[in-house]
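Enquirer: predicted model and sequence below, questions to follow.
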Amino acid sequence: MPLLENGRLVPDPWTTLDQDAFLPAAGPVIVPLSRLEEGLARPPGEQLGVALPPDAEIATLRTVLPRLSLVAVTFPIFRDGRAFSQARALREHLHFAGEIRATGKPLPDQYEFLLRCGVSTVALPAGSDPQVWARAHTRFRTAYQPSVRGERAEGATLRRVL
C-alpha cells in the first residue's frame, strides 16, 4: 500500500500485523490495540506502533505513548470522522510527537484537513491514484479551522471581508 507524506510517496518501513500474525523481535511493527501489551514486551529500542480502532479512547494510550513511535488512526468509511478527533487529541492533549498515520478509506479531499489535525502520513487506499492526492495537497489554501502544525486559520478573516 503506497504511503503519502507531505504530498509525495515515501517508502514504508513498517510491518502491520493482524490479530494472529507472529510478532517479530526486531524491526518496526504496528500492532492492533488488542496486542499492545505483547508489543510493549519487545526490547525498548525497537520501534513500535499501534493501530487504533475508531471507537478507541485516546486516553488509554497516555501511559504508553513514550514507547510508541507511530499511532495509526482508522477511517472505516470516509464519512466517519472519529480519526480526525483522535489525531487532534494525540497532538494537542497528549503532545504525541511521533508519526500519526491515517489508514482505511480517507478521501483525497480530506488530505489537508488530515494534516491540519496532526496526521503525518496517509496509507493510500487500494486503487488510489497518488497524483490525485498530491494535487489535493496543493489545491486548498484557505482553512477555517486552527491547525496543530502552527498554521494560522485564514478563513475567518476572509469570511468577514466577503
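Expert: Yep, that arrived. Residues are numbered from 1 along each chain as shown.

Enquirer: roughly how far apart are Ala21 and Arg35?
Expert: With distances taken as C-beta to C-beta, to the nearest Å, Ala21 is found 9 Å from Arg35. In short, each C-beta sits where N, CA and C put it, glycine included.

Enquirer: between the two, which is the more surrounded one?
Expert: More neighbours surround Arg35 than the other of Ala21 and Arg35, with 19 against 13 (other C-beta atoms under 10 Å).

Enquirer: where in the chain is pLDDT low?
Expert: Within the chain, the segments meeting pLDDT under 70 span 140-162.

Enquirer: most centrally placed residue in it?
Expert: Arg101 (2.5 Å; C-alpha atoms, centre = their mean).

Enquirer: show me what that one is bridged to.
Expert: Taking DSSP bridges, one obtains Ala72, Thr121 as the residues bridged to Arg101.

Enquirer: OK, contacts around it?
Expert: Residues near Arg101 by C-beta atoms under 8 Å, 6 or more residues apart in numbering: 3, 30, 49, 70-73, 119-123.

Enquirer: all strands of the chain, in order?
Expert: Secondary structure of the chain (DSSP state E): strands at 3-5, 8-10, 15-16, 29-32, 48-52, 70-75, 99-104, 121-123.

Enquirer: out of these, which gets nearest to Ser85?
Expert: Among the strands of the chain, strand 70-75 comes nearest to Ser85, with 9.0 Å by C-beta to C-beta.

Enquirer: the closest one versus strand 48-52: what angle between them?
Expert: Put simply, strand 70-75 runs at 20 degrees to strand 48-52, going by axes from the mean of the first three to the mean of the last three C-alpha atoms, to 10 degrees.
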